[in-house]
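Novice: Using only what follows, build the 3D model:
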Amino acid sequence: MKRATLLVFAVLFTICNSFADSGLRIMESLVMTSRTLNQDVKFSVCLPLNYYDDNRSYPVVYLLHGLGDDETSWLEYGRISQYADQEIESGEIIPMIFIMPEGYRNYYVNDYKGSFLYQDMFVKELVPYIDSMFRTIADKQHRALMGYSMGGFGALVLHLKYPDVFGSAVPLSMSVRTDEQYMTEDASEWNEQWGRLFGVQGITGTGRITDYYKQNSPFHIISQISLSEMKNFRVYMDNGDKEQTLCRSNEELHILMKNMYFTHEFRVRDGGHSFSYWCSALPNALRFISDAFESKPYRGDIIRDNEPVVLPETQLQTLTIDRVQVTYYVPAEYDQTDRLYPVLYFEGNLTSSQCNVIAAAVNQGIAKNDFCPMLVVFLPANVVNFTQTILPGLEEKLRIRKGYRFRSLAGYQDRAMDVCNIAVNLEQFSSFILMDGFLEKEDVAGLLASMKPEALKKTGVFIDAPDDGKYYEGNGNFHMILRDMDIKHEYRVREGEGGFDWMIGGLEEMLKFIAVNFHR
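Specialist: Numbers count the residues shown, from 1 in each chain. Below you'll find the model as predicted:
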């Protein structure tokens, strides 16, 4: 026995020296022989640029791939070495080692039969093996998990089940199901994807909610975590608004975590289930992981610096319609042409200086040719039923192009519900926008239950919500119901608690969306 142990150490020493002598920084499809699985397991490695220059130790990120991919996917399609090198060079993140294991089709869990104990292999064999092969900082704080799709599931579940091994997790487009989705999923898909892992294949309905499934479902695991234990977790979730099933499941998980006071970051951006989306998440994801490695609070997402702009006084004016005073913005060319313009009607309790900031941003976007020239009309808070009262007068006094196609309606905070009521009942706008909307979950459900599905067929919808806002359930449910009704829309969840400065951060994307719908 003693001789066998010495032989194992001798082999490990030889392999370790071969890595050190190779000088290779990026190594693809290396092999670890697993006793747990009784087979070889492949993994790829990306070391920091200066790894061989000294004896420094580094934190480790385990990158988990999606269903159908392998240990090479993060290198080939995820371009992790390029993104990491760029962020390290800019000083945004600290140097770190990336390990990309072969995940097969097992969602990084042990199957219920005990015939393929992948999770045991990962935690009990792979992690110690990597610590022995490379100069890692071998503690939980300096180990992170990040994955996409199936790998997103694995990243979160491994962190939730082994917080003493992994200190942080970043699930991207996490392939997860709510209980309802799990029970009603098509039999063939369920058998292939979930039944073989968590329950006897061929089961339907509530029979699928086995005890073993609950032990591996993030919904059930998180529901059992006490408030005192929640400090052990650091999670950053990111999901595209064009996802199908995952739209609801990720949103529902975010809502559960918020309701349980489970601190986490949650983002929804433009995109779907693709490497272009996952790559675009990497700068902030790596920033989050780097801060966790250094035991620092998350710095927050990277924000572009916007130069302050000044709006000429002549471009922000007022007029009175039926004893209602209205502030409006006109493009710089307005007095030099007789052309007509599309218009954005903006509802919100705004100060004159806030109207000026919005108008200046619109003016700058037009000057940069980011979107078409448009008018902006700021509707006062006390206006009632403006589509029937002052809208006709505005279109007579201002050079507004006629037709619903050239009108957009935006609602900010407490005016968002008013905008919803107008938009879902009247085909008068090519798009409507909800920014930091004060939407109650019950009001949204009632509104959409009475809506005719065709009401929004010609109207684009843009929802922009803060991840730490009070109305996360209302905004999230609005998105989920629109997805269920197959109504095209854009949904964003950005970092922050909401408010005017937060809203301005999303204004450029919103204005581009409006302009696209003007010219659809």
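Novice: tell me which element the closest residue to residue 411 other than its chain neighbours falls in.
Specialist: Among residues not flanking residue 411 along the chain, residue 419 sits closest, at 3.1 Å (Cβ to Cβ, 6 or more residues apart in numbering). Using the backbone N, CA and C atoms, a C-beta is placed for each residue, glycine as well. Using DSSP states H and E, residue 419 maps to helix 416-423.
Novice: could you say what helices and strands that helix packs with?
Specialist: On a contact count with 3 or more Cβ pairs under 8 Å, 6 or more residues apart in numbering; DSSP states H and E, helix 416-423 meets strand 407-412, strand 431-435, helix 441-449.
Novice: Please repeat the previous calculation with a cut-off of 10 Å.
Specialist: strand 343-347, strand 407-412, strand 431-435, helix 441-449, strand 460-466, helix 472-484 (3 or more Cβ pairs under 10 Å, 6 or more residues apart in numbering; DSSP states H and E).
Novice: pLDDT averaged over it - what is it?
Specialist: Averaged across helix 416-423, the pLDDT comes to 86.
Novice: if we can go back for a sec, of all the helices and strands packed on helix 416-423, which has the lowest average per-residue confidence?
Specialist: helix 441-449 (a mean of 83).
Novice: could you give the angle of that helix to helix 416-423?
Specialist: Angle of helix 441-449 versus helix 416-423, following axes from the mean of the first three to the mean of the last three Cα atoms, to 10 degrees, is 10 degrees.
Novice: now helix 441-449, how far from the centre of its chain.
Specialist: The chain centroid and the centroid of helix 441-449 are separated by 24 Å, computed with Cα atoms, centre = their mean, to the nearest Å.
Novice: Give me the residue at the spatial middle of the protein.
Specialist: residue 238 (2.7 Å; Cα atoms, centre = their mean).
Novice: What are the phi and psi values at it?
Specialist: phi -140, psi 130 (degrees, to the nearest 10).
Novice: Can you name the next helix or strand after the host helix or strand of residue 320?
Specialist: In this assignment (DSSP H and E), residue 320 forms part of strand 316-321. Next helix or strand after strand 316-321 toward the C-terminus (DSSP H and E): strand 324-329.
Novice: what does that following strand contact?
Specialist: The contact list for strand 324-329 (Cβ atoms under 10 Å, 6 or more residues apart in numbering) reads 311, 315-320, 343-346, 350, 352, 355-356, 358-360, 362-363, 374-380, 382-384, 386, 389-390, 393-394, 397-398, 400.
Novice: May I have the residues that are in contact with the residue nearest to residue 411?
Specialist: Contacts of residue 419 (Cβ under 10 Å, 6+ apart): 345-348, 409-412, 429, 432-435, 437.
Novice: again with residue 437
Specialist: Residue 437 touches 411-417, 419-420, 444, 463-465, 469, 471, 474-475, 478, 498, counting by Cβ under 10 Å, 6+ apart.
Novice: swap the cut-off to 8 Å and go again
Specialist: Counting by Cβ atoms under 8 Å, 6 or more residues apart in numbering, residue 437 makes contact with 411-413, 416-417, 420, 463, 465, 471, 474-475.
Novice: go on, residue 165?
Specialist: 123, 127, 140, 143, 158.
Novice: For these, give me TSV that also has pLDDT and secondary structure.
Specialist: What follows is the contacts of residue 165, written out as TSV (pLDDT from 0 to 100; DSSP: H, G, I helix; E, B strand; the rest coil):
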residue	pLDDT	secondary structure
123	98	helix
127	98	helix
140	97	helix
143	98	strand
158	98	helix
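Novice: Pull out the buried members of those.
Specialist: Buried subset of these (neighbour count, 16 or more other Cβ atoms under 10 Å): 123, 127, 143, 158.
Novice: thinking again about what came up before, how about the helices and strands packed on helix 416-423 in a markdown table, adding distance to residue 191?
Specialist: Supplementary listing: the helices and strands packed on helix 416-423 in a markdown table, determined by distance: least, Cβ to Cβ, whole Å:
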| stretch | distance to residue 191 |
| --- | --- |
| strand 343-347 | 50 |
| strand 407-412 | 45 |
| strand 431-435 | 40 |
| helix 441-449 | 33 |
| strand 460-466 | 36 |
| helix 472-484 | 24 |
